[in-house]
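**Student:** I would like to see how this sequence folds:
(2 chains)
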Amino acid sequence: MNNKELLLVSPSPHISSGAATSGIMLDVIIALLPAAAAAGLIFGYQALILMLVCVGSCVVFEFISRIVMKRKQTIGDLSAVVTGLLLAFNLPATLNPVYAVIGSAVAIIVVKQMFGGIGHNFANPAITARVVLMLSFPVAMTTWVKPFFYQVSGSSIDAQTTATPLGIIKEGTGEALPSLWDMFIGTRGGSLGETCAAALLLGGLYLVIRRVISPIIPLCFIGTVALFSWIFGQEPIFSVLSGGVLLGAIFMATDYTTSPITRQGKVIFAILCGLITVLIRTFAALPEGVSFSILFMNILVPLIERIGRGKKQKKGEKKA
Amino acid sequence: MAEKKKLSSVLINGVLKENPVLVLILGTCPTLAISTSVVNALGMGVAATVVLACSNTVISALRKLIPDKVRIPAFITIIAGFVTMVQMLLKAFLPAIDEALGIYLPLIVVNCIILGRAEMFASKNRVLASALDGIGMGAGFTVALLLIALVRESLGTGTLMGAVNIPVLQEGGSIDPMIIFVLAPGGFFVYGLFIALAQKLGKEKVDTSAGACGACPAAAVCSKASEKEGKKA
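**Tutor:** Next up, the predicted model:
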């Protein structure tokens, strides 16, 4: 089966150029570069090392599992590189690299290759890996460092920990909240790729212009988060810029395999993603819910797909 | 027909070819709930095996006396009797295990492995074969539980049998224990991986032909079985 067949399964609006998987993935990598550069600036060399570890281990795991499973080698399509980068973006900058390798193994071996490789994963590999790590190492996964902590000499990392803006609100630690400008350029605590809103928006714009993603999912996702945050009495712009909303909406929820194909499906999918995110933030014990909401909606995608194409399927069912 | 089966193959069948947990996918609830520690898994496995062997024997002995229409209540009554005995014995002699197994011990009464074997095997076969089937199936259940528990306990808490500590997986070791393995999602992951492994290693594919589906207690709700029925009709 070649890559074209995998992607051109239905008249999607977003792949009309007959592009190959590797080309699309290259575009995604280019779109992720500004955020990667920002992460390197804000969190220093440890962030860069973590990204290299994630990308490297993802590619190696993909290579090994394709050999063990006696399938055609697929590291050339660059999808493992994208998964690795996205996984790194979802981790705290000072995380033990061993944990990052465990995350890569979960993403590539368990979620992706065991279900048949690219195009067959039941959920977004990077999101699932993050959730597995979150549930496995709750302390390490929520130890955030202050921006530019690496420039402060002579102080231990412990002295440089902070909370994410959402964590500050949830736990009421009394720490000052970063200003909206800080949130926009990314100088706040958080996962290494989620903090710089400007870079993420730039990457998203590139993907939309290159027609790699349709803007429906990001816009509906972000819009829903803003609307319901406002309804629940929170500052909508702050809610959108905080946590992983932009990273999740632009890069994670738009994954072809795990998002609906039809337009109505995309809208329903994205709105529910946003709604669950706000509900978790407002009512659950966790400060942030983007990854859980996307994972949950990934699993519902097969059901959502039925909504958008009622007629054709009904005919077939009658015959049978 | 089943009468002609060699008794030894009946015994081994439950462990390998028709492992109740990994191939027949029965008894999922106790499997996921109990397999967080090896000691509990062993206790659960042995308790279920004892009940299974005893109930299979008695049901097989009574198979010609039990009217077909009330066979399920009759099976349940017999199984419940043995479960009560096992529970009383555990309470008296191994109270720690009894406490750890909690509600899952009395729930053996409605364990679908035991009811399934009563329905599929004991009510159709001779006493000796049924007893061996019970022991074999129980052993298969125990082995599967132990395998899953071994992975979940060692990776999830960094201990083996609740006693030996694995140095790498301790606080201050190179990595912390992965808590997800003792939580429900980790249980499902490990369970799924072992099912995949069993499918891979089992050279014979699971027989889903109409005959095999007819004998399966899940046939009424199973999509594969209804597909077969549809094709036949």
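**Student:** Now stretch A:74-84: average pLDDT?
**Tutor:** Stretch A:74-84 shows a mean pLDDT of 88.
**Student:** how about the residues of the stretch 101-250 of chain A that lie near chain B?
**Tutor:** For the stretch 101-250 of chain A, the residues in contact with chain B (Cβ under 8 Å from any Cβ of the partner chain) are A:102, A:110, A:114, A:132, A:135-140. Just so you know, the C-beta spots here come from the backbone N, C-alpha and C atoms, and that holds for glycine as well.
**Student:** Check these and tell me the two furthest apart.
**Tutor:** With Cβ to Cβ as the measure, no two of these lie farther apart than A:114 and A:139, at 28.6 Å.
**Student:** Could you report the neighbour count for residue A:241?
**Tutor:** 26 (other Cβ atoms under 10 Å in any protein chain shown).
**Student:** same deal with residue A:70?
**Tutor:** The local packing of residue A:70 (other Cβ under 10 Å) involves 6 other residues.
**Student:** how about residue 87, secondary structure?
**Tutor:** By default, I'm working from chain A. Put simply, residue A:87 is helix when judged by DSSP: H, G, I helix; E, B strand; the rest coil.
**Student:** Give the next helix or strand downstream of the longest helix seen in chain B.
**Tutor:** Counting residues, the longest helix in chain B under DSSP state H turns out to be helix B:127-157. Sequence-wise, the next helix or strand downstream of helix B:127-157 (DSSP states H and E) is strand B:159-160.
**Student:** on that earlier part again, in the longest helix of chain B, which residues are buried?
**Tutor:** B:127, B:129-145, B:147-157 (16 or more other Cβ atoms under 10 Å in any protein chain shown).
**Student:** rewinding a little: including secondary structure and distance to residue A:84, could the residues of the stretch 101-250 of chain A next to chain B go into a markdown table?
**Tutor:** Conversion of these to a markdown table gives the following (DSSP: H, G, I helix; E, B strand; the rest coil; distance: Cβ to Cβ, whole Å):
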| residue | secondary structure | distance to residue A:84 |
| --- | --- | --- |
| A:102 | helix | 13 |
| A:110 | helix | 15 |
| A:114 | coil | 18 |
| A:132 | helix | 15 |
| A:135 | helix | 21 |
| A:136 | helix | 19 |
| A:137 | coil | 19 |
| A:138 | coil | 23 |
| A:139 | coil | 24 |
| A:140 | helix | 19 |
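**Student:** Can you pull up the most central residue in the chain?
**Tutor:** Let's take chain A. For chain A, the residue nearest the mean C-alpha position is residue A:252 (3.4 Å; Cα atoms, centre = their mean).
**Student:** look at chain B instead
**Tutor:** Nearest to chain B centroid, counting by Cα atoms, centre = their mean: residue B:141, 3.7 Å.
**Student:** okay, now the domains of chain B?
**Tutor:** Segmentation of chain B into domains, based on automatic domain parsing, reads B:2-202, B:207-233.
**Student:** Among these, which comes closest to chain A?
**Tutor:** Smallest distance to chain A across these (Cβ to the nearest Cβ): 3.8 Å, for domain B:2-202.
**Student:** so, in contact with chain A or not, the closest one?
**Tutor:** Yes - counting by Cβ under 8 Å from any Cβ, contacts between domain B:2-202 and chain A involve B:174-176, B:178-181, B:183, B:185-186, B:189, B:193, B:196.
**Student:** buried subset of the residues of the stretch 101-250 of chain A next to chain B?
**Tutor:** For these, a burial check counting by 16+ other Cβ under 10 Å picks out A:102, A:110, A:114, A:132, A:135-137, A:140.
**Student:** ok so, going back, gap between the longest helix of chain B and the chain center?
**Tutor:** With Cα atoms, centre = their mean, to the nearest Å as the basis, helix B:127-157 stands 6 Å off its chain's centre.
**Student:** That one packs against which elements?
**Tutor:** helix B:7-13, helix B:28-34, helix B:38-61, helix B:112-117, strand B:159-160, helix B:184-201 (3 or more Cβ pairs under 8 Å, 6 or more residues apart in numbering or on different chains; DSSP states H and E).
**Student:** As TSV, these with mean pLDDT and mean neighbour count would be great.
**Tutor:** Output for the helices and strands packed on helix B:127-157, formatted as TSV (pLDDT from 0 to 100; neighbours: other Cβ atoms under 10 Å in any protein chain shown):
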stretch	mean pLDDT	mean neighbour count
helix B:7-13	80	16
helix B:28-34	87	19
helix B:38-61	92	23
helix B:112-117	88	24
strand B:159-160	80	16
helix B:184-201	88	15
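**Student:** can you list the ones you listed in JSON lines and add distance to residue A:228?
**Tutor:** As requested, those are exported to JSON lines (distance: least, Cβ to Cβ, whole Å):
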{"stretch": "helix B:7-13", "distance to residue A:228": "56"}
{"stretch": "helix B:28-34", "distance to residue A:228": "34"}
{"stretch": "helix B:38-61", "distance to residue A:228": "43"}
{"stretch": "helix B:112-117", "distance to residue A:228": "42"}
{"stretch": "strand B:159-160", "distance to residue A:228": "44"}
{"stretch": "helix B:184-201", "distance to residue A:228": "27"}
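**Student:** That concludes my questions; thank you for your assistance.
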